[in-house]
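Chemist: got a predicted structure here, sequence first:
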Amino acid sequence: MQHSLFDRIYLAFLAILIISFGFLIMFISYFARRSLISERIDTLSNEAQLIAKQSLTSYLEGKIDENTMADFMDYYSNMLKADIWYVDNNGTIIAKSNRKVVEKPATSTSTELTEEASENAYADINSDIPRNIYMINGSYKLNDNFSLVGNFYGIFNTDVITVNMPVNYFEDVNSPSIEAGALILHASTTQINDAMNDILSFSLIPCLVIIVIAFSFIAIISRKIIRPIKHLSNVARDYSEGNFDVETGIKSKNEIGQLADSMEYMAGELSKLEQYRHDFVSNISHDFRSPLTSIKGYVQAILDGTIPPEKQERYLNIVLEETQRLTKLTQGLLDLNHLEIYGPYLKMSDFDFIEVVKSTLNTFEIKCIDKGLAIYLNNHAENTIVTADQTKIQQVIYNLIDNAIKFTPSGKRIHVSIYETNDKLYVAVQDEGIGMNEDTQRRIWTRFYKGDSSRGKDKQGTGLGLAITKEIIKAHNETIEVSSVEGQGSKFVFTLTKAKQDQPSHTGQTEILISNKPSSQ
């Protein structure tokens, strides 16, 4: 069965809570048990010292006999709820209390034993207890002060806390202390187990309450997150079916809101796809149909004699120009497809960018004079040697200048500015033309897109120049950006990487490469 995202969050959260509280309860249980056992050991040790001082000293001095001492041990045993043994230096068990270690009955479900139940709940001590401690354990350290937890080498049927307290006494004030064996106290762990059960019970209830509260909050939070995600999923399904008018309706500023905004923007762009396709077909049809119509008309006129023989050469030249235009358009398409799919083959070299710009601008001299434009070259860089593919960078300059000339009215100027920052050369081509709106600025890099839909006689480009330009710059791992204001002109800026060598300074040079005044010829 496939679980939803909501189910997965619940299951993951449940697993995390169970594991976390499991570790927490284990941690609390371990240290609480250690603390209780340590406290019980301290109590038994203190009481053992008191018993040795008050009772055993009298026995060792001969003031009381073994029976009286045993009675004292029974008294202290009942008070401490522990078995008490006295062992002499030879390991012989001289006396022991009659009390047995208490163990909770198996049938009892209460956390506390009544007094009557306690009396009937003594754990049986093995009846055959050796009379000597060394017969229980041959390496028993009688004269060491220590404690241990367990069944005391199999003597008891349950775990007990055992405290071994060495006994010393003085025959008189001036004599040294005499080792007189040890007191061994055995206390059941039943009370500690009951306390641990109480602690676990008290811990379990808050844990369950926390889990319930946490699940309530996770349910609220998850629904707040998952409900918009499900809604976005449904909206995406509508988009996939071509219904781009559906809005997400999410206005929050968090990550979900940002995703919704991105989806709506994507839908807006996809809704323009049909228009883009229509424009593409319209552009390519127009660009192919116009020269083909001219070629067909002129050739047919020559064949049927409409154009006299003395004028045929002129019209054949027009046919040749139109054929070259078709060739250029076809080659541009092939080049752009190759650039987008495989990337350009770059022949990198170091060259002076200024010289490339000047030679490229010279090719536009006649066109600028005919249109009455002036081109200014402003260089503010000290080092203009760059590392790039010279032929393709020259194509970039050509495309940008050609684009600026098309959309700059007569009498205006075009500026080519060069400046540097660290290892980069920045090249700006700025015109005083008609400018572009924001939508046009986004679409100019699209193949066959033409910002001026009127397609005047001076704007009969292929619509591929800027698309090819961007691919070339992208292949050089450089950037190209455009900024424009309608009615004020456009500015294209791209970067190049400077070569690691010195270049004679051209800083501050401002040249008028092409005047807007026709030559005197």
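Modeler: Cool, got the structure.
Chemist: beyond the least confident helix or strand in the chain by mean pLDDT, next helix or strand please.
Modeler: Least confident helix or strand, the chain: helix 115-119 with a mean of 40, by mean pLDDT, DSSP states H and E. Using DSSP states H and E, the helix or strand that follows helix 115-119 in sequence is helix 133-136.
Chemist: ok now that following helix, how far from the chain's centre?
Modeler: Centroid separation for helix 133-136 versus its chain: 66 Å, with Cα atoms, centre = their mean, to the nearest Å.
Chemist: try stretch 416-431
Modeler: Worked out by Cα atoms, centre = their mean, stretch 416-431 lies 37 Å from the chain centre.
Chemist: again, but for stretch 219-231
Modeler: 21 Å.
Chemist: against which helices or strands is the longest helix along the chain packed?
Modeler: If you go by DSSP state H, the chain has its longest helix at helix 190-240. Secondary-structure packing of helix 190-240 (3 or more Cβ pairs under 8 Å, 6 or more residues apart in numbering; DSSP states H and E): helix 5-51, helix 255-271. For glycine as for every other residue, the C-beta is placed from the backbone atoms N, C-alpha and C.
Chemist: so can I have a markdown table of the ones you listed showing mean pLDDT?
Modeler: Below are these laid out as a markdown table (pLDDT from 0 to 100):
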| stretch | mean pLDDT |
| --- | --- |
| helix 5-51 | 82 |
| helix 255-271 | 80 |
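Chemist: can I get the ones you listed in JSON lines including mean neighbour count and distance to K474?
Modeler: As requested, the helices and strands packed on helix 190-240 are exported to JSON lines (neighbours: other Cβ atoms under 10 Å; distance: least, Cβ to Cβ, whole Å):
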{"stretch": "helix 5-51", "mean neighbour count": "14", "distance to K474": "38"}
{"stretch": "helix 255-271", "mean neighbour count": "14", "distance to K474": "20"}
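Chemist: give me the nearest residue to N90, chain neighbours excluded.
Modeler: Spatial nearest neighbour of N90, excluding adjacent residues (Cβ to Cβ, 6 or more residues apart in numbering): N132 at 7.4 Å.
Chemist: hey, what's that neighbour bridged with?
Modeler: T92 (DSSP bridges).
Chemist: ok, it touching G91?
Modeler: Yes: N132 lies in contact with G91 (Cβ atoms under 8 Å); the separation is 4.7 Å.
Chemist: more crowded one of the two?
Modeler: G91 (19 against 14; other Cβ atoms under 10 Å).
Chemist: spit out the contact partners of that one.
Modeler: 132-135, 140, 142 (Cβ atoms under 8 Å, 6 or more residues apart in numbering).
Chemist: out of the residues you listed, which is most surrounded?
Modeler: Ranking the contacts of G91 using other Cβ under 10 Å puts I133 first, with 23 neighbours.
Chemist: got the contact list for it?
Modeler: With Cβ under 8 Å, 6+ apart, I133 has these contacts: 87, 91-93, 140, 142, 184.
Chemist: just the closest of those residues to S45, please.
Modeler: S45 has its nearest neighbour among the contacts of I133 in I184, at 11.7 Å by Cβ to Cβ.
Chemist: three-state assignment of the closest one?
Modeler: I184 falls in the strand class when you classify it by DSSP: H, G, I helix; E, B strand; the rest coil.
Chemist: now the strands for the stretch 351-500 of the chain?
Modeler: 374-379, 385-389, 413-421, 424-431, 480-485, 489-497 (DSSP state E, counting those that start in this stretch).
Chemist: for those strands, give me JSON lines that also has mean pLDDT and distance to I250.
Modeler: Shown next, in JSON lines, are the strands of the stretch 351-500 of the chain (pLDDT from 0 to 100; distance: least, Cβ to Cβ, whole Å):
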{"stretch": "strand 374-379", "mean pLDDT": "92", "distance to I250": "49"}
{"stretch": "strand 385-389", "mean pLDDT": "92", "distance to I250": "46"}
{"stretch": "strand 413-421", "mean pLDDT": "92", "distance to I250": "41"}
{"stretch": "strand 424-431", "mean pLDDT": "94", "distance to I250": "41"}
{"stretch": "strand 480-485", "mean pLDDT": "92", "distance to I250": "32"}
{"stretch": "strand 489-497", "mean pLDDT": "94", "distance to I250": "36"}
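Chemist: got these as CSV, with mean neighbour count columns?
Modeler: Formatted as CSV, these follow (neighbours: other Cβ atoms under 10 Å):
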stretch, mean neighbour count
strand 374-379, 19
strand 385-389, 21
strand 413-421, 18
strand 424-431, 21
strand 480-485, 16
strand 489-497, 21
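Chemist: now the ones you listed in TSV, with distance to L44?
Modeler: Shown next, in TSV, are the strands of the stretch 351-500 of the chain (distance: least, Cβ to Cβ, whole Å):
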stretch	distance to L44
strand 374-379	97
strand 385-389	87
strand 413-421	82
strand 424-431	83
strand 480-485	85
strand 489-497	84
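Chemist: nearest to K328, out of the ones you listed?
Modeler: strand 385-389 (20.3 Å).
Chemist: which secondary structure elements does the closest one sit against?
Modeler: Against strand 385-389 (3+ Cβ pairs under 8 Å, 6+ apart) you get strand 348-352, strand 489-497.
Chemist: tell me which of these sits nearest to A48.
Modeler: Using Cβ to Cβ and comparing the helices and strands packed on strand 385-389, the one that lies nearest A48 is strand 489-497, at 87.6 Å.
Chemist: strand partners of the closest one, parallel vs antiparallel please.
Modeler: strand 424-431 (antiparallel), strand 480-485 (antiparallel).
Chemist: of all the ones you listed, which one comes closest to L17?
Modeler: Per Cβ to Cβ, nearest to L17 of the strands paired with strand 489-497: strand 480-485, 52.0 Å.
Chemist: and the helices in the stretch 301-450 of the chain?
Modeler: Per DSSP state H, counting those that start in this stretch, the stretch 301-450 of the chain carries helices over the ranges 309-342, 353-362, 365-371, 390-406, 438-443.
Chemist: hey, least reliable of these by pLDDT?
Modeler: For those, mean pLDDT drops lowest on helix 309-342, to a mean of 75.
Chemist: and that one with helix 390-406, angle?
Modeler: 120 degrees (axes from the mean of the first three to the mean of the last three Cα atoms, to 10 degrees).
Chemist: what residues of stretch 68-82 count as buried?
Modeler: 69-70, 72-74, 76-77, 80, 82 (16 or more other Cβ atoms under 10 Å).
Chemist: quick one: residues in contact with that stretch.
Modeler: With Cβ under 8 Å, 6+ apart, stretch 68-82 has contacts from 43-44, 47, 51, 54-56, 58-59, 64, 83-84, 86, 95-99, 101-102, 185-188, 191.
Chemist: and that stretch, how far out from the chain's middle?
Modeler: Counting by Cα atoms, centre = their mean, stretch 68-82 comes out at 68 Å from the chain centroid.
Chemist: same thing with stretch 37-55?
Modeler: On Cα atoms, centre = their mean, the centre of stretch 37-55 falls 59 Å from the chain's centre.
Chemist: just stretch 415-435 next, same as before
Modeler: With Cα atoms, centre = their mean, you get 39 Å for stretch 415-435.
Chemist: rewinding a little: which among the helices and strands packed on helix 190-240 is found nearest to T469?
Modeler: It is, among those and with distance given as Cβ to Cβ, helix 255-271, at 22.1 Å.
Chemist: tell me how far the closest one lies from the chain's centre.
Modeler: Distance, centroid of helix 255-271 to centroid of chain: 22 Å (Cα atoms, centre = their mean).
Chemist: using CSV, write out every CA atom in it.
Modeler: In CSV, the C-alpha atoms belonging to helix 255-271 read as follows (Å, rounded to 0.1, in the frame of the first residue of the first chain):
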residue,chain,number,x,y,z
GLU,A,255,8.8,28.6,0.8
ILE,A,256,5.4,27.3,-0.3
GLY,A,257,4.4,30.8,-1.4
GLN,A,258,7.6,31.2,-3.3
LEU,A,259,7.0,27.9,-5.0
ALA,A,260,3.4,29.0,-5.9
ASP,A,261,4.8,32.2,-7.4
SER,A,262,7.3,30.3,-9.4
MET,A,263,4.6,28.0,-10.7
GLU,A,264,2.4,30.9,-11.7
TYR,A,265,5.3,32.5,-13.5
MET,A,266,6.1,29.2,-15.2
ALA,A,267,2.4,29.0,-16.3
GLY,A,268,2.6,32.5,-17.6
GLU,A,269,5.6,31.7,-19.7
LEU,A,270,4.1,28.4,-20.9
SER,A,271,0.9,30.2,-21.9
